[in-house]
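# Model the following, please.
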Amino acid sequence: MKKLVPYAPLLLRFIFALYLYTALKLKAYELSAVESFSKNLADLKFPLPYAFAFAGTWMALIAYALLIIGWKAKWAAAAVAIYFGVALFVYHIPNGHGASKMMPALGPLVIALFILFNGVGKPSVDEGL
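Residues are numbered from 1 along each chain as shown. Predicted coordinates for the structure are as follows:
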């Protein structure tokens with residue numbers, strides 16, 4: 001059974017693959033989605049909303065891809081954790097959202113923190129087969 005422990009994070013990486021697939025299917029990385037996100041940030045009085053929306057959206061895309069293949073995974077997990085941590089503390093918590101509305105940010109945050117502190121597991125580029 002101990003031989004399977006390094007493969008446990010593979011399931012968590014699969015969840016990031018589902019997040020990425022869903023985001024691509026919903027066209028979350030198109031310019032119109034970034035503009036909509038920047039309007040939300042502007043409503044929250046976020047500085048440089050378009051720059052942050054563009055950078056945040058593409059950072060998430062790249063970080064998800066890195067986590068899926070397991071390359072530079074701790075850096076990618078840290079970026080995802082910061083991104084969704086900010087989403088929780090700047091948007092969800094101040095607006096009094098319950099757990100169900102926070103789950104799209106809370107889920108990736110918890111998974112990213114797990115990978116950040118425990119590693120990406122195998123198979124991955126970082127840790128091999």
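# Please work out how many residues are found near residue 80.
A total of 25 residues lie near residue 80 under the criterion other Cβ atoms under 10 Å. C-beta here means a position set from N, CA and C on the backbone, and glycine is covered the same way.
# try the one 3 residues further on
Other residues within reach of residue 83 by the criterion other Cβ under 10 Å amount to 19.
# for residue 34, same thing?
18.
# What of residue 88?
15.
# which ones are touching it?
Contact analysis of residue 88 by Cβ atoms under 8 Å, 6 or more residues apart in numbering lists 102, 105, 106, 109.
# where along the protein do the helices fall?
9-25, 31-43, 49-69, 73-87, 99-118 (DSSP state H).
# Of all the ones you listed, which one is nearest residue 127?
helix 73-87 (8.6 Å; Cβ to Cβ).
# quick revisit: with the contacts of residue 88 in mind, which one is nearest to residue 80?
Closest approach to residue 80 among the contacts of residue 88 (Cβ to Cβ): residue 109, at 7.5 Å.
# What about the closest residue to that closest one other than its chain neighbours, how many residues nearby?
In space, and not counting its chain neighbours, residue 109 is closest to residue 84: 4.0 Å by Cβ to Cβ, 6 or more residues apart in numbering. For residue 84, the count of nearby residues is 24 (other Cβ under 10 Å).
# Isn't residue 84 up against residue 108?
Yes. Here residue 84 reaches residue 108: they are 5.0 Å apart, a contact under Cβ atoms under 8 Å.
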